[in-house]
Structures are given as structure tokens and as C-alpha cells.
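# curious how this folds, go ahead:
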Amino acid sequence: MTRPLPRSSARARRSPRIVAALVVALANLVWPDAGWARGDPPLSALTLIGAPKPLFRATRDACDGVDVPDASARAFRDAAGTVVLFGMHYRNRALRGPDFDRLKLDCAVVLDSAGDADPARYDDRSWVTATWTEDGTAVAALLHHEYQANTHAGRCRLPAYLACWYNSIVAASSTDGGRTIRRATPPVVVAAAPFAQEVDQGRHRGFFNPSNIVADGRWRYVFASTTGWSQPGRTQEAGVCLFRSDDPSDPARWRAWTGIGFEARFPGPYGKARPGPDTCKPVAPFPTPVGAVVRHRATGAWIAVFMAKASAVFPRSGFYWTSSRDLLAWDQPRLLMAGATLYDDACTASGRLIAYPSLIDPAAEGRNFDDAGDAALLTYVTLRTEGCTVTSDRDLLSQRLSIKVWP
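Prediction:
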């Protein structure tokens, strides 16, 4: 099963033993219908070059105690040409600068989290995890929203964070180039489980960790992970689903791939009732959230990066990449960077974990950095551990890589 990526903050650190417990099933993942299982040759080769460089250090650059990198980096150019990069914690701030060598955290809060105890209001803890803009001024955003029921009295009978974890993807927008981002009122849900949060929930549930948004002609695409669920007559598989829209500024237009077409909707249980629930077809070979997707300009091939724990499918823990011609059939994942990840047991790590990979070409032709040439940056986060604790001492790093794609 695909498992959610737990988050830790400077104020509420979580034991990595919980993280390790989440990924026991990863070793049993098998994708029998994937192209790479048939021995098809790879479409691309990625090679890391040189040493990583820091884009942000929490111990040096933070504005307050919640300024830690806690998501894969997402960037766009605003109307003035400034690079705007998200990837911080639930008190959302952006890094800004004329280019990737001169990014600096702007201490103005772009979007805060209210800690609302009512799950129907979708305003407990939110991370800006995907953005799209056509003109650099109007920005559509997707929020990874966590309803952390264990922090609200009477909302969950269990003390554990993940046993009470109720997650969804919520729409938000900006009219000032990402200086401020606001949720819609009433909230607009892009993807949520079809049942309400329960005090006896007992396990993690919902949709979480959207990838960046990418363009292909008139369509915009985003990957989103789901824990899966079972209801009478309808079972949603756990995995990573592909969503499509012809207008991200209208979040009600997102639809997920069902295995036949882009038809599935997941508006959640709060609000107007509708028949269903729909289900989406997970896309192989992703066992965990897609860190980022870019399109190679010369060939049109798609390249995705993600994080995986060592298993029968993935020989070593670390970051992997895979490539595709159509976003649905992907080739054999290959190791890009080895290292203990947030899915590994920090008790046995060597002091640092790696997490939240992304791909960004600073020379991208698109305003949303969804294309890449023959070179790009791998951005990722390192997290210092103390014994079995993941600390808030985190760095956002970038490392150059070369890209080769066979026609």
C-alpha cells in the first residue's frame, strides 16, 4: 500500500519509528502491468553533477520556529520575472529572488493555517504544494490539508497522529502573484475521501501530497496520492492517481484517471451530496507521492522523481526517477540518489535523512518550470536526526544534473 508522508515541525517533532511503521507494506508492492516489468528499455538517463548547494538553511534563514522546508519545491515566475518558490511549513512563506542563486525567504506570511476544529471547514493545517499561473499575477494553488484530529478535543479517541489523520487536497488562489493566497469560501475540495472524519477512524485516510502541475496542450495535470478505502460496492486502491483539468483557476474542473478516462471526482462528504463515490486508477510505478514531473523540451518525454524505501522492488533507499511518453505508462525506476529517507528508521540513520525531491530547470521556457532541457536542478531536503528523533534542523539543497532522453 502507499502510505502518507508524515510531517514534523519545529514545535511538534515526531518519532521516525512512526514513519518506519508506515512503510512495512512497501516491500510487497508489485506492478504487473507496468512497461518496465516487461523489460522495456529506459527512456532517459539522469546524472548528478558536482556538490549540492544550499537554497535555505533553517538554522540560518528562518523567520520563526515553523520555517522549515517540509514539502517538495514548487516555483513559478511572477509578472515581474521574480522566481517565487514554495515548499515550507503550514505557516506558508515563499522564497523570492531574481534567480535560483539569489533566493531569500520572504517573512510575510502568504497563507496561514487556522487550526480549525471543524473538519468541514478544511482549515486545520495547510501546505502550499502545487501552483499554476498563466500570467504571473493570477495563481491557482492546491493545498495539502491535514485535519489533525488528535489535536482537537473530542474529535479522535486515539492519541496517535496517524490514527486520526484525515487528509484532503483543497483549492486556493492568489490575485497578486503569490504575495497572498486565500482559500475559497465556502471551501472548494479537489480531492477528499467520500466519508466524514470519525472519532474512531483508527488509520490515515484521504488524498495528500499533490505533485507540481504540468501542461500538455490545453490540459493541465497533477498527481495526487491516496490511502485508499473500502465502501459497500466500491473500493479505492491506494496509490498515486493522475488528475486533469483544462482550467486550474476553476478547481471544480479537476477529474481523475479511472483506467478508461478522466471522469472521477472527489468533492468530499461535506456539502452537496452526489452519487458515487468515484474511484481513480493508481498509476504505476509510484509507491509514494510524486516529488515532481517535468517535460523534456527536445523530445516531449516526461520525467518524474520520487522517494522510496529499500524493498523487493527498490534495491536501495533514496530518490528514484522514471520516464514516460504519456504520463500513464512509465519505465523502470532507477536510483538517482541513495540515502536514508523519511520512510526509513531514523534510529539507524547516520545523522541525516533526505526527503522531498523535486526537478526544476532554472532555464525553463514555461512560467511554471514544468519543462526542462538537458540540464536541471534536483532540489531536496536534508533533515538532521538526534537518536530516533527527526529535528527541525533542515536544509533545502539543489544539485545540478544532466538529462539525456532517447527519441
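# and residue 350, what pLDDT?
We have a pLDDT of 77 for residue 350.
# next, count neighbours for it.
8 (other C-beta atoms under 10 Å). C-beta: built from backbone N, CA, C; applies to glycine.
# surely it meets residue 344?
No: between residue 350 and residue 344 there is no contact under C-beta atoms under 8 Å: 10.7 Å.
# center of the chain - which residue?
residue 209 (3.4 Å; C-alpha atoms, centre = their mean).
# that one touches residue 144, doesn't it?
Yes: applying C-beta under 8 Å, one finds residue 209 in contact with residue 144, separated by 5.6 Å.
# for the two, list the residues in contact with both.
Applying C-beta atoms under 8 Å, 6 or more residues apart in numbering, one finds that residue 209 and residue 144 are jointly contacted by 71, 129.
# if I pick the nearest residue to residue 74 once chain neighbours are set aside, what's in contact with it?
Spatial nearest neighbour of residue 74, chain neighbours left out: residue 86 (4.8 Å); criterion: C-beta to C-beta, 6 or more residues apart in numbering. Taking C-beta under 8 Å, 6+ apart as the contact definition, residue 86 lies against 71, 73-75, 92, 94-95, 110, 128-129, 131, 178.
# swap in residue 44?
Contacts of residue 44 were listed using C-beta under 8 Å, 6+ apart, and they are 296, 301, 303, 321, 323, 331, 403-406.
# among those, which has the minimum pLDDT value?
In terms of pLDDT, residue 406 ranks lowest among those, with 93.
# give me phi/psi at it?
Dihedral pair for residue 406: phi -80, psi 140, per degrees, to the nearest 10.
# pretty sure it is touching residue 296, no?
No: assessed by C-beta under 8 Å, residue 406 is found out of contact with residue 296, at 10.5 Å.
# these two: which is more packed in?
Ranked by neighbour count (other C-beta under 10 Å), residue 406 and residue 296 place residue 296 first, with 21 against 11.
# stretch 232-244: how far from the chain's middle?
Centroid separation for stretch 232-244 versus its chain: 17 Å, with C-alpha atoms, centre = their mean, to the nearest Å.
# buried set for that stretch?
Of all the residues in stretch 232-244, those buried under the rule 16 or more other C-beta atoms under 10 Å are 236, 238-244.
# put together CSV for those, with secondary structure on each row.
Shown next, in CSV, are these (DSSP: H, G, I helix; E, B strand; the rest coil):
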residue, secondary structure
236, strand
238, coil
239, strand
240, strand
241, strand
242, strand
243, strand
244, strand
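# farthest-apart pair in these, please.
The most widely separated members of these, counting by C-beta to C-beta, are 238 and 244 (20.5 Å).
# measure the residue nearest to residue 74 to residue 379 for me?
From residue 86 over to residue 379 the distance is 12 Å, taken as C-beta to C-beta, to the nearest Å.
# what do these two both touch?
The contact sets of residue 86 and residue 379 overlap at residue 73 (C-beta under 8 Å, 6+ apart).
# counting neighbours, what do you get for residue 100?
Residue 100 has 20 neighbours, counted by other C-beta under 10 Å.
# let me fix that, I meant to ask about residue 136.
If you count neighbours by other C-beta under 10 Å, residue 136 ends up with 18.
# for it, what are its contacts?
Counting by C-beta under 8 Å, 6+ apart, residue 136 makes contact with 76-81, 177, 367.
# if you set the cut-off to 6 Å instead, what comes out?
Contact analysis of residue 136 by C-beta atoms under 6 Å, 6 or more residues apart in numbering lists 77-79, 177.
# over to residue 131?
Listed by C-beta under 6 Å, 6+ apart, the contact set of residue 131 reads 74, 76, 139, 141.
# so the first one sits right up against residue 213, yeah?
No: checked against C-beta atoms under 6 Å, the pair residue 74 and residue 213 is beyond contact range at 8.6 Å.
# these two - which one has more neighbours?
With neighbours defined as other C-beta under 10 Å, residue 74 and residue 213 compare such that residue 74 has more, 27 against 24.
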